[in-house]
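Q: A structural model of the following input is requested.
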Amino acid sequence: SVKLASLLKYWQLQGENVCFVFGGADGMTDALKQRAKMMLRLSSSTLPNGMVRVLLTEQLYRAVSILNHHPYHRE
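A: Below you'll find the model as predicted:
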């Protein structure tokens, strides 16, 4: 969460557009992977897309909370 918060802050300061893409059970194509500037993993497990959306939303919420100096229980 802290690392994602740092990335989020960097992207904001750089004015970068960010797009999160998640693939199906077979992953993503090599062409898509080659176009990516960065690849992140929420889990080593294969997760349903609905769960991935919830996990990503929660992680982004937590990252924004950290950037806004909200207490984080892991620090």
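Q: would you list the phi and psi of Val52?
A: Note on Val52: backbone dihedrals following degrees, to the nearest 10 are phi -60, psi -40.
Q: what secondary structure does the residue nearest to it when sequence neighbours are not counted sit in?
A: Once flanking residues are discounted, Val52 sits nearest to Phe22: 5.0 Å by C-beta to C-beta, 6 or more residues apart in numbering. No exception for glycine: its C-beta is placed from N, CA and C like everyone else's. State at Phe22, reduced to three classes by DSSP: H, G, I helix; E, B strand; the rest coil: coil.
Q: next: Leu55.
A: helix.
Q: and stretch 41-58, end to end?
A: The straight-line separation of the ends of stretch 41-58 (C-alpha to C-alpha, to the nearest Å) is 14 Å.
Q: would you mark the buried spots in that stretch?
A: In terms of neighbour count (16 or more other C-beta atoms under 10 Å), stretch 41-58 has its buried residues at Val52.
Q: give me the low-pLDDT residue ranges for the protein?
A: Across the chain, the ranges flagged by pLDDT under 70 are 73-75.
Q: next, count neighbours for Lys33.
A: 12 (other C-beta atoms under 10 Å).
Q: and it, how close does it get to Lys3?
A: 21 Å (C-beta to C-beta, to the nearest Å).
Q: ditto for Asn49
A: Separation of Asn49 from Lys3 (C-beta to C-beta) stands at 24 Å.
Q: same question for Thr29.
A: From Thr29 to Lys3 the distance is 27 Å (C-beta to C-beta).
Q: then Met28?
A: From Met28 to Lys3 the distance is 22 Å (C-beta to C-beta).
Q: between the two, which is the more surrounded one?
A: Met28 (14 against 9).
Q: tally of neighbours for the closest residue to Asn49 other than its chain neighbours?
A: Distance criterion C-beta to C-beta, 6+ apart; nearest residue to Asn49, sequence neighbours excluded, is Phe22 at 6.6 Å. By the criterion of other C-beta under 10 Å, Phe22 has 14 neighbours.
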